[in-house]
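A.B. asks: Fold the following and give me the result.
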Amino acid sequence: MPATTAPTPDRLWTVAQLVALSATVALIIGFFMAPSLSLKLLWSLAIPLVPASLLISPQLWRNVCPLATLNMFLNRQGGGRTLQNGTLAATGFVGVVLFLTLVPARHVIFNTDGTLLAITVIAVALLALFSGGPFDAKAGFCNSICPVLPVERLYGQSPLVQIGNPRCTPCTHCTSKGCIDLNANKSAVIAAGPNKTTTYWVRTVYGAFAAAFPGFIIGYYTTIDGPLSTAGTVYGTIALWMAGSYAVAAGLVAMLQISSVRGLRILAAASAGLYYWLGAPGLAEAWNLPDVVIWAIRLPALLLVVSWAWIALTQTNGGRRPKTA
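C.D. replies: This is a model prediction of the structure:
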């Protein structure tokens, strides 16, 4: 009998990408046809797995992300512009704004309205598809204006598992610096600015986002779903928590002279821990599960976060005290 050839890793990733893209299409159809079930599958099953996967390795998500698949589809036919240093800050700002706009909107639109969520997902998908055409590889969307990129960078700083990037073989250097696929350890630090050994990093757009992110998570989980008329309360409450989080983080950075290399890892661990601690009750309630499930979610998640933080912080430069900005 002829020997069978085992599938290559790249081919397996291709299959996974097609499955993820097909699942996204099925979810979009479900948002119209069976919104209750489809929304539960997205918000109470798929999305909660993403932060943990980013801690393990950002490539677990980025290698199968359906938006990345769309982003790279058209540029295979001739796109070539790269993302240069002069536009990195602007595109990073856009991604942060999109994230801070879309996530709180869950409480007033996307957690309950399948139709509007479907329209929004389609709009973002088209943006990913057509922004890929003029640019090389992931420069048009994934490495620039993607609203998930700020979180990918934060949680993906110190992958527990090293996984390759089959989408970009060979690498074309589509992004001049800070590509998370090239070096996950440095992507967030580069995004926070060049002065990584000073306290200035917390005053950059990405540094401020990271410092405010624990408060963003607390603010999200201390607000509830409501009609569109409650949007002001939702965004205002989250903004207040973000301001408090930033004030505490910036104060500690200035007082203890914490570099971005260590500070961003501490903020990532705090954010991930808060996400699973505060989100666990809602996940159990969504599936009508007993309260014991809350701890069945919290404890493994906290173990993962603590393990990640220990490894991430021991990989830094030994806690060298930075110079004052």
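
A.B. asks: Leaving aside the residues adjacent along the chain, what's closest to I294?
C.D. replies: With sequence-adjacent residues excluded and distances taken as Cβ to Cβ, 6 or more residues apart in numbering, I294 is closest to A280, at 4.6 Å. Where C-beta positions appear, they are placed from N, C-alpha and C, glycine not excepted.

A.B. asks: And for that neighbour, the neighbour number?
C.D. replies: 20 (other Cβ atoms under 10 Å).

A.B. asks: who's in contact with it?
C.D. replies: 293-295, 297-298, 301 (Cβ atoms under 8 Å, 6 or more residues apart in numbering).

A.B. asks: Turn the residues you listed into TSV, columns for pLDDT.
C.D. replies: Formatted as TSV, those follow (pLDDT from 0 to 100):
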residue	pLDDT
V293	97
I294	97
W295	97
I297	97
R298	98
A301	98
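
A.B. asks: And the pLDDT at L256?
C.D. replies: For L256, the model assigns a pLDDT of 95.

A.B. asks: What's the separation between it and L302?
C.D. replies: Distance, L256 to L302, by Cβ to Cβ, to the nearest Å: 24 Å.

A.B. asks: you'd agree S38 is up against A23?
C.D. replies: No. Counting by Cβ atoms under 8 Å, S38 does not reach A23; the two are 10.9 Å apart.

A.B. asks: which stretches of the stretch 201-325 of the chain have low pLDDT?
C.D. replies: Residues of the stretch 201-325 of the chain meeting the criterion pLDDT under 70: 317-325.

A.B. asks: Quick one: the strands in it, in order.
C.D. replies: Remark: no strands are assigned in the stretch 201-325 of the chain by DSSP state E, counting those that start in this stretch.

A.B. asks: Could you pull up the contacting residues of the residue sitting nearest the centre point of the chain?
C.D. replies: Central residue of the chain (Cα atoms, centre = their mean): V151, 3.0 Å from the mean position. Listed by Cβ under 8 Å, 6+ apart, the contact partners of V151 are 51, 54, 99.

A.B. asks: top of those residues by neighbour count?
C.D. replies: Neighbour counts for the contacts of V151, by other Cβ under 10 Å, peak at L54, which reaches 27 neighbours.

A.B. asks: Can you check the pLDDT for that one?
C.D. replies: pLDDT for L54: 97.

A.B. asks: That one touches W61, doesn't it?
C.D. replies: Yes. L54 is within contact range of W61, at 6.0 Å (criterion: Cβ under 8 Å).

A.B. asks: hey, what's in contact with both of the two?
C.D. replies: E152.

A.B. asks: more neighbours, S38 and A23?
C.D. replies: More crowded of S38 and A23, by other Cβ under 10 Å: S38, with 20 against 15.

A.B. asks: and the gap between that one and W61?
C.D. replies: 20 Å.

A.B. asks: Kindly report the same for A208.
C.D. replies: Counting by Cβ to Cβ, the separation of A208 from W61 is 24 Å.

A.B. asks: Which one's more surrounded, these two?
C.D. replies: In this view A208 and W61 are compared by other Cβ under 10 Å, and W61 has more residues nearby, 21 against 18.

A.B. asks: secondary structure element for the nearest residue to that one once chain neighbours are set aside?
C.D. replies: Nearest residue to W61, sequence neighbours excluded (Cβ to Cβ, 6+ apart): S53, at 5.2 Å. When secondary structure is defined by DSSP states H and E, S53 falls within helix 47-56.

A.B. asks: Take the helix or strand following that helix, keep the C-alpha atoms, and write them as PDB.
C.D. replies: The helix or strand immediately downstream of helix 47-56 is helix 58-62, counting by DSSP H and E. C-alpha atoms of helix 58-62 as PDB (Å, rounded to 0.1, in the frame of the first residue of the first chain):
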ATOM      1  CA  PRO A  58      -1.000  35.400  20.400                       C
ATOM      2  CA  GLN A  59      -0.500  33.200  17.400                       C
ATOM      3  CA  LEU A  60      -3.200  30.800  18.500                       C
ATOM      4  CA  TRP A  61      -5.600  33.600  17.700                       C
ATOM      5  CA  ARG A  62      -3.800  35.500  15.000                       C
END
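
A.B. asks: before we move on, could you check phi and psi at T222?
C.D. replies: Per-residue torsions, T222: phi -100, psi 0 (degrees, to the nearest 10).

A.B. asks: Tell me how far the residue lying closest to it once chain neighbours are set aside lies from P290.
C.D. replies: Counting by Cβ to Cβ, 6+ apart, T237 is the residue found nearest to T222 once chain neighbours are left out, at 6.5 Å. Computed as Cβ to Cβ, the T237 to P290 distance reads 30 Å.

A.B. asks: So the two - more neighbours on which side?
C.D. replies: Applying other Cβ under 10 Å to T237 and P290 shows that T237 carries more neighbours, namely 18 against 8.
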